[in-house]
Structures are given as structure tokens and as C-alpha cells.
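In: how does the following fold in three dimensions:
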Amino acid sequence: MQNPTQPSSSSSTTTLYTILTITTLLFLLFFFFSPFPSPPPPPPSFSDPYLFPHRLSATQYHNHQLLFLNKTTNQSPPASPTIAYFISGSSNDSNRIIRLLFSIYHPRNQYLLHLDRSAPQKERDFLALSLQSIPVFWAAQNVNVIGKADLVSPKGSSSISSTLHGAAILLKLSPDWDWFINLSAADYPLVTQDDLLHILSYLPKDLNFVNHTSYIGWRESRILKPVVVDPGLFLAEQSEIFYGTQKRPLPDAYRLFTDLLHILSYLPKDLNFVNHTSYIGWRESRILKPVVVDPGLFLAEQSEIFYGTQKRPLPDAYRLFTGSPSAILSRKFVEFCILGTENLPRTLLMYLSNSLSSQSVYFPTVLCNSPQLNRTVVNHNLQYSAYETKHEPRTLHSDDLADLISSGSAFGSPFVRDDPVLDRIDQELLKRGEGRPVPGGWCLGESRDEVCSIWGDADVLKPGPGAKRLEERMVELLSNETFYSHQCIFE
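Out: Coordinates of the predicted model:
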């Protein structure tokens, strides 16, 4: 057998030089013309020393100090937790979000604000510019706005995608927060952050506060069995959710490409060269437009894919639980959903991609079907809502204030924009002036109107009557009789 002719050394060198030159040019073109947004600038390497004096020392974890008017014990309180808030809204919600932010602001916490794609970019810019003018936000470096908005359909699965997107960003922004709370522009607090942080400081940090029940009832036929498509997952503009008897349009939020991925050995490992075409052809009618369901996402036994003209059976690979869209979730659970090696959070997300009101199902179902987590669930999200029908909570008004206070909840929902009850909550419960944060132990100003214009140690908390109400509610929820008897029960 004849050996193949070996290339000369000079020829190999020339070929390699040519490949490397082309590689460099391709990399530069990829770098400068990449459609991906540039990464945000790194956060500052220091925080305001007046707000966070302990961060100058070797450890960040210090017991918080109390400014109780009637302090009855000399026992040192535990370290304060940190809450990561994801606040979302739609068109014309920027002022509501700013008001909500002031009402729940504390320098210890992290805040991520999101106006979905139904809001024009100028409103998003207005929100960001308005926040830049607040000195304490600059000092604490803890308020951020999502610049590239998600398209969110409140009744579709794109709301889950947006919430998980926000949680992932908050995980990246700060390694130190303990609980994640998602709020909408229609929510409002009933206690101060000093009240809430003080009470949470005495609780295990793996607790999750999630309304849940395995009783599906009317939701089986109206929400869970119908196969729907949320256009927010693949269209750039707002559109109505449609049902599986229709064929969905092709995406316009991104282009579809097909064929194989090729990685070449001489090229940088962060480059991907893919045989691709945006010509869809026969795939449009046979693959991309039909709405189908893969039973492998929710049935324990092998079954054929079926099309959206049918109503799918409920899962038997896991048990569905339903609750409310808002929850207070531990960092451990958020990491489990986003970074964990268990596949349930991903398969459930795919199953719910064709379901209505899926955000109220996602977190309760993941928690209650995960043995390592289902003993961390408190069956209450610390949010007060009133129902006249079993389907949707009604809006809250001044007539509800007594019930809001007596509930011992941390939040209430939903409120109408600028309803007078919000002014009463500010005045009577939060002691907050218009356009200002709620005064807390970190506020040192002498003027009542400018009490938070001068700040001190953020570890100093000044809990008030709201802490007592929340404590009584928490004792009730965490008593052995209530806690275990309402925890992930199959009905």
C-alpha cells in the first residue's frame, strides 16, 4: 500500500497561517457585529461605608441592631436577611413601579424592575432615568432595570419565563440574598421592610411561602387540559393567546434556522459555525405551525405525540398543585429551579408552555414534587387577597383596610392605580411621604420630610406595629398543627 504524499513544511506553515488569519478576522467580525447585547458594566467595587460599615471588615454577617421603643430583652438579635425583589409591570406602569419601589425599599435588599414589551422604550428609559436621580439608590447600588424587555402574557407561560429570567439575573447580581419575592405593579406592602426583615431574621432561610393545593377542580377542564399557545414565547408584538385548534404563526421575535452545528478544531472555542438557512419551506406546514404536545414531558409511560385538537390528560409522572402567581421563595429553591441538576423544573416548564395561568401552577408543583424541598413549604404567600368568585381576586379599596390590617399579611393585591387606599396605607401603616422611601432604622435625618436624606447603618432595624402583626400571623402559620397539616397534601 502506497503511503500518501506528505505536504511540505512550508506548505503546512502557510496553510496554518492562512487559517489563523481567517480565524482572527472572523472572530473580530463576530465580536463587533454580534446581535447579543454587550454585558452591563461591572458593579462598583465598594458600597457606601455609612450604609454598610461592616462590609469593610473581614465578614459581612453581623447581628442587626434594634431600635424598639419598648425593648423587653437584652438578647442579641440574629443577622438580618436580604430579600431580592423582582417587580414587573406593563405599559403605563412606570409610576406605579416607582411608588411600589419606594414603599418596599431598604438598602439591604436587591431590586430588579421590569417593564414588559407592551411598554414603549421611552417609558423604560423614563423609569431608569427617574431612579438615577435618587441618591440612596446610588449609594446602596441595589436597584436595577432590565433593559431588554420580555414579552409577557399574564395568563400564559411567558410569565413564568419572565419570572425565571428575573430570578437568574438577581442570582448573578448578588451572591448574598436569602429570599426572592416577585411582585406586580398591582401589589402593595402592608408592613415596613424593617418589620419584614426583623421577622424573617428568626426563620430558617430554606422556608418557601407559597399558596398551594392539589385540588384542581374547575381548573382541570378550563386551564390544565386545553392546549394553548402563548405568543409571548415567540412573537415580538403583543398578541392574544390562541387555542390548539389553530395553527400558530411563525416567530418574528427571532429567525428559525435548521441543520447541523460544526465546530472546527483550529478556531476559538467560543465560536460556533452552524450550517443554517432561514428558508423554512416544507417545515412551515409540517413541523413549525402545528401545535403539538409531547407526552414524554408529563406521562410516565411512552406515548405518541398528539395534536392540539385534543385535550391532554393530566400528568401522572408528577402531581399538579396550583396556587397564586406571587410567592416568597428561598434562594436554595430558586437555584434548584435555574441551576439544579434535577430535571423536573425544566420538564414542568415545557408542559406548562401550552397551559393557561401556568405561573400559579409552576412553583407549587416543583416544590411539592421534590422530596428534598417539600418540607420547606409554608402554605401561605403572606399576601392578602379577597375573592368574590373562585377564579380571580377582586380589587381592594378603602373598605378593605381593616381586613388588610387584621390579616397580618406582608402584602395586599390587587390594587387599582392611585386608589385612595394606597394613600391611607402610606400614611397609617408605612408612615411614608410622597416620593420618599419608608423611614427605617437606617434613616438619620432630623426633618420629618427628609428623614431618609441622611443615612446610617443599614443593619439597624426599627420594627413597628407591623412586625407584631406579622409575628402573630407567622406563629399561626408555623405551628405544628397548621404547618404540617397544610403542606403539600394530596386531595
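In: flag the shaky bits of the stretch 101-250 of the chain, pLDDT-wise.
Out: For the stretch 101-250 of the chain, the stretches flagged by pLDDT under 70 are 155, 215-250.
In: and the helices in the stretch 251-400 of the chain?
Out: 283, 331-339, 344-352, 359-368 (DSSP state H, counting those that start in this stretch).
In: residues contacting the second one, please?
Out: Outside helix 331-339, the residues within contact range by Cβ atoms under 8 Å, 6 or more residues apart in numbering are 84, 164, 167-168, 171, 177-180, 205-206, 208, 342, 345, 363, 366-367, 370, 373, 376. Just so you know, the C-beta spots here come from the backbone N, C-alpha and C atoms, and that holds for glycine as well.
In: what subset of those is buried?
Out: Neighbour counting by 16 or more other Cβ atoms under 10 Å classes 84, 164, 167, 171, 177-180, 208, 345, 363, 366-367, 370, 373, 376 among the contacts of helix 331-339 as buried.
In: tell me which of these fall in strands.
Out: Those of the buried ones among the contacts of helix 331-339 mapping onto strands are Ala84, Trp179, Phe180, Asn208, per DSSP state E.
In: need those in CSV with distance to Ala186, can you?
Out: Shown next, in CSV, are those (distance: Cβ to Cβ, whole Å):
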residue, distance to Ala186
Ala84, 20
Trp179, 21
Phe180, 19
Asn208, 22
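In: of those, closest to Glu471?
Out: Trp179 (16.9 Å; Cβ to Cβ).
In: what is the neighbour count of the spatially closest residue to that closest one that is not a sequence neighbour?
Out: In space, and not counting its chain neighbours, Trp179 is closest to Ile83: 5.1 Å by Cβ to Cβ, 6 or more residues apart in numbering. Ile83 has 21 neighbouring residues, counting by other Cβ atoms under 10 Å.
In: quick one: Ile83 from Asp178, how far?
Out: Using Cβ to Cβ, to the nearest Å, Ile83 is found at 7 Å from Asp178.
In: count of neighbours near Gln121?
Out: Gln121 has 11 neighbouring residues, counting by other Cβ under 10 Å.
In: tell me the contacts of it?
Out: With Cβ under 8 Å, 6+ apart, Gln121 has no contacts at all.
In: would you list the phi and psi of it?
Out: phi -60, psi -30 (degrees, to the nearest 10).
In: mind checking how far it is from Gly147?
Out: Counting by Cβ to Cβ - Gln121 and Gly147 are separated by 9 Å.
In: try Asp459
Out: Asp459 is 31 Å from Gly147, where distance means Cβ to Cβ.
In: who has more neighbours out of those two?
Out: Legend: neighbour count by other Cβ under 10 Å for Asp459 and Gly147, higher for Asp459 (23 against 12).
In: just to revisit the earlier point, between Ile83 and Asp178, what contacts are shared?
Out: Counting by Cβ under 8 Å, 6+ apart, the common neighbours of Ile83 and Asp178 are Leu200.
In: quick revisit: which of the helices of the stretch 251-400 of the chain sits most buried?
Out: helix 359-368 (a mean of 26; mean count of other Cβ atoms under 10 Å).
In: which helices and strands does that one pack with?
Out: For helix 359-368, the packing partners by 3 or more Cβ pairs under 8 Å, 6 or more residues apart in numbering; DSSP states H and E come out as helix 158-173, strand 212-213, strand 322-323, helix 331-339, helix 344-352, strand 377-378.
In: partner strands of the third one and their direction?
Out: Think strand 322-323. strand 212-213 (antiparallel) (DSSP bridges).
In: next, Glu434: secondary structure please.
Out: coil (DSSP: H, G, I helix; E, B strand; the rest coil).
In: next one: it from Leu422, what distance?
Out: Noted for Glu434: a distance of 11 Å to Leu422, by Cβ to Cβ.
In: and those two? which has more neighbours close in?
Out: Shown here are Glu434 and Leu422; by other Cβ under 10 Å, Leu422 has more neighbours (22 against 9).
In: residue contacts, the more buried one?
Out: Counting by Cβ under 8 Å, 6+ apart, Leu422 touches Arg99, Tyr188, Phe415.
In: can you report how many residues neighbour the second one?
Out: Taking other Cβ under 10 Å as the criterion, the count of residues near Tyr188 is 26.
In: how close does it get to Thr82?
Out: 21 Å.
In: just Cys368 next, same as before
Out: Taken as Cβ to Cβ, the span from Cys368 to Thr82 is 26 Å.
In: also Ile98?
Out: Ile98 sits 22 Å away from Thr82, taking Cβ to Cβ as the criterion.
In: swap in Asp400?
Out: Distance, Asp400 to Thr82, by Cβ to Cβ: 31 Å.
In: what score does Arg312 have for pLDDT?
Out: With respect to pLDDT, Arg312 has a value of 64.
In: for the helix or strand Lys468 falls within, which helices and strands make contact with it?
Out: When elements are assigned from DSSP states H and E, Lys468 belongs to helix 465-478. If contacts are counted by 3+ Cβ pairs under 8 Å, 6+ apart, helix 465-478 sits against helix 193-200.
In: quick one: buried residues of stretch 161-176?
Out: Neighbour counts over stretch 161-176 (16+ other Cβ under 10 Å) mark Ser161, Ser162, Thr163, Leu164, His165, Gly166, Ala167, Ile169, Leu170, Leu171, Leu173 as buried.
In: buried stuff in stretch 374-384?
Out: Going by neighbour count (16+ other Cβ under 10 Å), the buried part of stretch 374-384 is Asn374, Thr376, Val377, Val378, Asn379, His380, Asn381, Leu382, Gln383, Tyr384.
In: scratch that, stretch 432-452 is what I was asking about
Out: Using 16+ other Cβ under 10 Å as the test for burial, stretch 432-452 gives Arg432, Gly433, Arg436, Pro437, Val438, Pro439, Gly440, Gly441, Trp442, Cys443, Val451, Cys452.
In: just give me the least confident of these.
Out: Minimum pLDDT for the buried residues of stretch 432-452 is recorded at Val451 (89).
In: next up, the contacts around that residue.
Out: Residues near Val451 by Cβ under 8 Å, 6+ apart: Pro439, Cys443, Leu444, Gly445.
In: one more pass at 10 Å, please.
Out: Counting by Cβ atoms under 10 Å, 6 or more residues apart in numbering, Val451 touches Lys431, Gly433, Arg436, Pro437, Val438, Pro439, Gly440, Cys443, Leu444, Gly445.
In: same check on Phe415?
Out: Applying Cβ under 10 Å, 6+ apart to Phe415 gives the contacts 96, 100, 185-188, 395-397, 400, 421-422, 425.
In: how close does it get to Pro81?
Out: Distance of Phe415 to Pro81, computed by Cβ to Cβ: 26 Å.
In: name the nearest of the buried residues of stretch 374-384 relative to Ser133.
Out: In terms of Cβ to Cβ, no member of the buried residues of stretch 374-384 lies closer to Ser133 than Gln383, at 30.4 Å.
In: the closest one reaches Val191, doesn't it?
Out: No: applying Cβ atoms under 10 Å as the test, Gln383 and Val191 come out as separate, 11.6 Å apart.
In: okay, and the common contacts of those two?
Out: Ser409, Ala410, Phe411.
In: what's the closest of the contacts of Phe415 to Ser90?
Out: Ala185 (7.5 Å).
In: the closest one is in contact with Asp93, isn't it?
Out: Yes: contact criterion Cβ under 10 Å: Ala185 and Asp93 qualify, at 4.2 Å.
In: and for these two, which residues touch both?
Out: Common neighbours of Ala185 and Asp93 (Cβ under 10 Å, 6+ apart) are Ile87, Leu100, Leu113, Leu115, Arg417.
In: can I get the residues you listed in JSON lines with distance to Leu404?
Out: Below are these laid out as JSON lines (distance: Cβ to Cβ, whole Å):
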{"residue": "Ile87", "distance to Leu404": "20"}
{"residue": "Leu100", "distance to Leu404": "16"}
{"residue": "Leu113", "distance to Leu404": "24"}
{"residue": "Leu115", "distance to Leu404": "27"}
{"residue": "Arg417", "distance to Leu404": "18"}
